[in-house]
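J.: Predicted model, plus sequence, below.
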Amino acid sequence: MRTYFWKQRSFWNDVNKEIVGRKPKKIIISSAYLSLRGVEYLKNIVETCNLQKKDIIVYCSADFHDTTPADILRALHSFATVHLMLHPFLHSKIYEFYYEDKVIFYHGSANLTDGGISQNLEFTSKETLEKSPAYDFWEHLSENSITVTTRVITLYQSYQGTLPPRLQAKDSTLQSQLEKLKREQQKIKTQPNLTGFYFDLDDYITVSKQWSTVANIEATKRRKAIRDKLLVLNRDIEPKVREWDLYPHYHKDYISSGITPSEFNHGRVKAIWIRYGKHKSELNPYGGVARKYKKGNKDPIEQFHKHACFQLSFSSKGIDLGMFHSTAHNGIDRYFVREHWNKVKGEILTNYQHILGYRFIWHFYDAKNDVSKYRFEIDKGTPEEFLNFYLEHDEDGLESFCMRHFHLDDERIRTKERILTEALKTYKVLIPIYQAMTYRIPASMR
């Protein structure tokens with residue numbers, strides 16, 4: 001249900017009522033313009049809720065104020081994490097308040113200024129939701145903005161009182177200096193120190209966006225290096241998972257995923273993985289040799305990705321461990337779940353508590369457009385909420401998988417041995433869910 005505010009200060013009065021009644025755990029704001037008075041309003045909320053600096057995130061345009069930007073940034077930076085969007089001009093006005101079980105979402109015309117909060121005739125809508133509807137938007141801003149530091153504040157201070165009307169002007173010296181700082185920050189973000197790690201920085205760059213569609217000799221050589229490291233891991237993982245009746249693909253060419261851009265990966269290699277699931281007799285009950293993937297060959301029996309399996313996936317952001325359940329089309333175990341829903345539901349209700357605490361996220365992923373369309377954080381939801389989420393969003397055309405993510409510089413994936421430990425821990429925790437949601441032929445009948 002939506003509520004609308006347009007009378008002066010009615011939006012902020014509602015905000016104050018919300019935080020007094022039940023204090024939020026986190027606040028994210030996007031505002032084109034800021035003022036000292038608006039920052040003061042936000043600071044009062046922060047003090048009331050006793051929030052830490054990392055829990056207050058503010059995004060704004062680079063030209064958020066014409067006369068006293070340094071003073072505003074200094075005041076806001078003292079209690080919040082602030083990001084500036086250099087271009088294009090950030091014009092959105094969003095206020096999100098995160099609680100344990102809900103998100104209060106305000107969206108309208110009001111900036112974080114005295115005018116936007118109490119003086120102007122603004123229009124703002126309010127919704128109470130289970131999760132943020134702006135998740136992808138926040139991620140985009142985070143990846144494309146500059147984080148305010150003392151260097152940024154000093155830079156604005158040097159121009160205070162002499163700023164051009166619009167920083168986006170091509171001849172703006174301040175704009176060019178901000179761009180330089182942004183490049184420095186992004187370099188630090190994308191190039192962590194991976195000395196001593198099993199996968200090095202070149203490995204991660206190889207599956208980044210800039211390399212994903214490249215199909216030359218150099219790209220192939222670099223991807224082979226990643227695949228070889230995964231296959232070394234496989235030699236240690238395979239005998240362990242066999243104890244749980246899990247197996248890599250029976251054809252050696254398909255133990256890892258493809259390393260060449262093709263129709264099967266939508267013309268890009270943004271991840272390389274190894275998988276463990278059904279026995280050869282289940283994948284290929286008629287015997288023979290698995291056919292090479294060719295255009296028009298859509299036989300689901302021999303294609304491992306058509307079946308639920310455990311996965312270790314290597315991407316530019318790190319390693320993902322968990323269960324891949326259904327491919328976009330003709331997923332064998334998607335049909336199995338639908339046909340045996342009542343039994344599957346009971347098993348999930350029984351075992352859900354055992355997968356809590358591992359930060360698993362269930363994704364319904366649009367592979368064609370490379371976006372997680374729907375996501376459910378297991379630790380933050382109940383079994384009933386997850387079941388409703390699954391029923392609502394599981395659909396043909398979307399991949400379905402449950403993963404826990406390890407950032408590329410996470411100490412838990414520093415060495416081959418640590419990766420092995422985390423992989424086996426992950427698979428062991430998920431086995432009851434996997435067994436409930438997967439069609440298996442009993443070993444005695446294979």
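T.: Cool, got the structure.
J.: By mean pLDDT, flag the weakest helix or strand of this structure.
T.: When the helices and strands of the chain are scored by mean pLDDT, DSSP states H and E, helix 173-190 comes last with a mean of 79.
J.: now for that helix, which elements pack on it?
T.: Other elements packing on helix 173-190 under the criterion 3 or more CB pairs under 8 Å, 6 or more residues apart in numbering; DSSP states H and E are strand 146-147, helix 150-159. Backbone N, C-alpha and C define where each C-beta goes, glycine included.
J.: could you say what helices and strands the last one packs with?
T.: Helices and strands touching helix 150-159, as assessed by 3+ CB pairs under 8 Å, 6+ apart, comprise helix 69-77, helix 173-190.
J.: right, so those: which one is the most enclosed?
T.: helix 69-77 (a mean of 21; mean count of other CB atoms under 10 Å).
J.: Need the residues that contact it.
T.: Residues outside helix 69-77 that contact it (CB atoms under 8 Å, 6 or more residues apart in numbering): 34-36, 39-40, 42-43, 58, 63-65, 82, 148, 150, 152-154, 156-157, 159-160, 163.
J.: Please pick the buried ones from those.
T.: 34-35, 39, 42-43, 58, 63-65, 82, 148, 152-153, 156, 159, 163 (16 or more other CB atoms under 10 Å).
J.: what about the helices in the stretch 301-446 of the chain?
T.: Using DSSP state H, counting those that start in this stretch, the helices of the stretch 301-446 of the chain run over residues 332-339, 341-351, 383-393, 416-436.
J.: Could you dump those into JSON lines with mean neighbour count, distance to Lys126 and mean pLDDT added?
T.: Output for the helices of the stretch 301-446 of the chain, formatted as JSON lines (neighbours: other CB atoms under 10 Å; distance: least, CB to CB, whole Å; pLDDT from 0 to 100):
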{"stretch": "helix 332-339", "mean neighbour count": "18", "distance to Lys126": "36", "mean pLDDT": "94"}
{"stretch": "helix 341-351", "mean neighbour count": "14", "distance to Lys126": "33", "mean pLDDT": "96"}
{"stretch": "helix 383-393", "mean neighbour count": "15", "distance to Lys126": "22", "mean pLDDT": "96"}
{"stretch": "helix 416-436", "mean neighbour count": "18", "distance to Lys126": "36", "mean pLDDT": "97"}
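J.: Nearest to Asp320, out of those helices?
T.: The closest of those to Asp320 is helix 416-436. By CB to CB, the value is 9.6 Å.
J.: and that closest one, what other elements does it pack with?
T.: helix 217-242, strand 309-315, strand 318-326, helix 341-351, strand 399-407.
J.: Please state the offset of the third one from the chain centre?
T.: What that stands for is strand 318-326. Here the centre of strand 318-326 is set off from its chain's centre by 13 Å, with CA atoms, centre = their mean, to the nearest Å.
J.: what does the fourth one give?
T.: For helix 341-351, the separation from the chain centroid amounts to 27 Å (computed by CA atoms, centre = their mean).
J.: between that helix and helix 416-436, what angle do the directions make?
T.: Put simply, helix 341-351 runs at 140 degrees to helix 416-436, going by axes from the mean of the first three to the mean of the last three CA atoms, to 10 degrees.
J.: can you count the residues close to the closest residue in space to Lys224 that isn't next to it in sequence?
T.: Using CB to CB, 6 or more residues apart in numbering and skipping residues adjacent in sequence, the residue nearest Lys224 is Ile259, 6.5 Å away. Residues contacting Ile259 under the criterion other CB atoms under 10 Å number 20.
J.: One more: Lys224?
T.: The number of residues near Lys224, taken as other CB under 10 Å, comes to 13.
J.: quick one: low-confidence ranges for the stretch 1-150 of the chain?
T.: Across the stretch 1-150 of the chain, nothing is flagged by pLDDT under 70.
J.: what ranges do the strands span in it?
T.: Along the stretch 1-150 of the chain, the segments classed as strands by DSSP state E, counting those that start in this stretch run 2-5, 26-31, 56-61, 81-85, 94-98, 103-108, 124-129, 146-147.
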